[in-house]
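[1] Using only what follows, build the 3D model:
(one chain, ligands or ions: 1)
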Amino acid sequence: MDIKITRTKNPKVKPQDESKLGFGSIFTDHMFIVEHDKGIGWHDARIVPYGPLCLDPASPVFHYAQEVFEGTKAYRLPNGEVGSFRLIDNARRMNRSADRTCMPALDEHFQVEAISRLIDLDRDWVPNSEGTSLYIRPTMIADGKNLGAHSADRFIYYVICAPSGSYYPDGMKPVRIRIEQRYVRAVKGGMGRAKTGGNYAASFKATKEAMDAGFNQVLWLDGREQKYVEEVGAMNMMFVIDGKLVTAELGDTILPGVTRDSVITLAKDRDMVVEERRISVHELYEAHAEGRLTEAFGTGTAAVISPVGELEYNGKSIVINDGEIGPVAQMFYDILTGIQRQTAEDTHGWTAVIPRY
Ligand SMILES: *Cc1c(COP(=O)(O)O)cnc(C)c1O
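    Have a look, this model is predicted:
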């Protein structure tokens with residue numbers, strides 16, 4: 001499929017102060033769009049000036065939340081070029097999420113090409129300062145004019161890009177996490193493994209209540225027994241217990257993070273023992289009491305690694321590694337950011353340089 005490019009006639013003024021970029025409120029000059037109609041398939045792939053979508057108020061996305069998305073980043077490389085990280089894995093996950101929500105797949109290599117062409121066109125928007133990046137948000141929504149409670153006939157896939165500030169402008173800082181006991185995020189047979197907006201809507205209330213109580217995020221427990229830890233906000237969770245890297249096993253209820261997979265792969269490369277299995281809150285508290293739980297951290301595209309300094313469950317807090325960043329979290333942060341910025345060797349073929357088309 002050809003991609004038709006219409007350049008903006010009114011380029012926006014780029015933010016001058018990269019320390020004030022923040023996240024997700026400034027967007028580049030262009031966006032990618034492709035549409036899907038029943039009997040036709042995907043058609044009219046194009047890059048156009050960034051701007052509002054015109055959707056019918058009866059569009060299923062507004063009523064039944066038939067929507068999935070992705071999140072990845074492009075990085076300014078030391079030589080001035082722009083690099084990407086595991087784009088194909090985000091494209092694959094997009095299609096798996098789309099399948100779960102009854103939406104059509106879009107060829108994975110085509111997704112990578114579309115995103116790469118968009119980044120190329122907006123390459124001057126990729127910020128330069130340490131820790132900054134161009135955040136990329138591919139999205140698929142159900143469109144059309146039909147309130148029938150079944151899958152839609154029309155779909156739109158689009159990609160927008162936001163220059164983003166450093167996640168850690170004041171240095172990496174461990175966070176306080178509440179283990180959520182009232183609300184659940186995902187259940188067996190549900191949509192937890194799909195990156196879909198509805199999972200976020202379901203999580204905001206718990207997160208707000210935790211934030212009001214002074215925590216940064218909630219750690220979700222399994223939806224059935226509420227005994228086993230699953231993941232945090234938009235991050236997977238890892239623990240270092242007896243020197244082993246322990247994380248919840250994938251299944252219906254866990255989002256298969258690209259960062260999670262990267263950390264597991266890098267850990268195995270270094271002969272670290274990795275266990276993907278169920279982890280109960282009881283086990284965590286017991287391991288902590290015995291001095292065997294030495295680190296906890298989240299993994300996700302936004303933060304890369306987010307060390308956890310404190311966990312709270314049922315009013316009882318445990319402080320991990322004296323509330324400091326641990327050596328394992330720091331090591332994975334350094335290696336992964338090095339690979340992403342292409343200053344460390346990439347032995348897995350995860351990175352690419354965005355071509356000049
Ligand atoms: C996106 C996301 C993650 C992290 O995935 P990455 O690919 O590592 O960014 C983890 N949990 C949830 C619920 C997510 O939506």
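[2] surely residue 25 meets residue 163?
    No - using CB atoms under 8 Å, residue 25 is not in contact with residue 163; the gap is 10.2 Å. (Each C-beta comes from the backbone N, C-alpha and C, glycine too.)
[3] More neighbours: which of these two?
    residue 163 (23 against 8; other CB atoms under 10 Å).
[4] Quick check: residues of this protein near the ligand?
    Counting by CB under 6 Å from any ligand atom, the positions of the chain adjacent to the ligand are 71, 195, 231, 234-236, 255, 257-260, 299-301.
[5] Out of those, which comes closest to residue 63?
    Relative to residue 63, the closest of the residues of the chain next to the ligand is residue 195; by CB to CB it sits at 20.1 Å.
[6] can you tell me the helix or strand for the closest residue in space to the closest one that isn't next to it in sequence?
    Computed as CB to CB, 6 or more residues apart in numbering, the closest residue to residue 195 that is not its neighbour in sequence is residue 97, at 4.9 Å. Per DSSP states H and E, residue 97 falls inside helix 87-100.
[7] so what secondary structure elements neighbour that helix?
    strand 67-69, helix 108-121, strand 133-143, helix 258-269 (3 or more CB pairs under 8 Å, 6 or more residues apart in numbering; DSSP states H and E).
[8] export the ones you listed to CSV and tack on mean pLDDT?
    Formatted as CSV, those follow (pLDDT from 0 to 100):
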stretch, mean pLDDT
strand 67-69, 98
helix 108-121, 98
strand 133-143, 98
helix 258-269, 98
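[9] quick one: low-confidence ranges for the stretch 51-200 of the chain?
    For the stretch 51-200 of the chain, no stretch has pLDDT under 70.
[10] Residue of it nearest the ligand, please.
    Proximity to the ligand, evaluated over the stretch 51-200 of the chain using CB to the nearest ligand atom, is greatest for residue 195 at 4.9 Å.
[11] give the contact list for residue 303.
    Going by CB atoms under 8 Å, 6 or more residues apart in numbering, residue 303 touches 167, 168, 235.
[12] For the first one, give me the backbone phi and psi.
    Dihedral angles phi and psi of residue 167 (degrees, to the nearest 10) take the values phi -70, psi -30.
[13] likewise the second one?
    Dihedral pair for residue 168: phi -120, psi 70, per degrees, to the nearest 10.
[14] Apart from its chain neighbours, what residue comes closest to it?
    Nearest one to residue 168, counting by CB to CB, 6+ apart, is residue 131 at 6.4 Å.
[15] And the first one, by the same measure?
    Of all residues not flanking residue 167 in the chain, residue 303 sits nearest, at 4.8 Å (CB to CB, 6+ apart).
[16] any idea how far residue 85 is from residue 94?
    For residue 85, the distance to residue 94 equals 15 Å [CB to CB, to the nearest Å].
[17] oh sorry, the question was meant for residue 213
    For residue 213, the distance to residue 94 - CB to CB - is 35 Å.
[18] Compare these two (neighbour count), which wins?
    residue 94 (24 against 10).
[19] most remote residue from the chain's center?
    residue 290 (33.6 Å; CA atoms, centre = their mean).
[20] Pull the contacting residues for the residue nearest to residue 168.
    Per CB under 8 Å, 6+ apart, neighbours of residue 131: 165, 166, 167, 168, 169.
[21] try it again with 7 Å
    Residues counted as contacts of residue 131 (CB atoms under 7 Å, 6 or more residues apart in numbering) are 166, 167, 168.
[22] Double-check that it belongs to a strand.
    No - secondary structure assignment places residue 131 outside any strand; it is coil (DSSP: H, G, I helix; E, B strand; the rest coil).
[23] any residues touching stretch 304-324, and which ones?
    By CB under 7 Å, 6+ apart, stretch 304-324 touches 172, 174-179, 181, 215, 219, 235, 259, 281, 285, 288, 293-299, 325-326, 329, 332-333, 336-337.
[24] And for stretch 99-113?
    1, 34, 36, 42, 66, 68, 87-88, 91-92, 94-95, 98, 138, 140, 142, 151, 155, 157, 191, 194, 196.
[25] ok, 6 Å please
    Contacts to stretch 99-113, defined as CB atoms under 6 Å, 6 or more residues apart in numbering, come from residues 36, 42, 66, 68, 87-88, 91-92, 95, 98, 140, 151, 155, 157, 194, 196.
[26] Just the buried ones from those residues?
    36, 42, 66, 68, 87, 91-92, 95, 98, 140, 155, 157, 194, 196 (16 or more other CB atoms under 10 Å).
[27] what two of these have the greatest distance between them?
    66 and 87 (24.1 Å).
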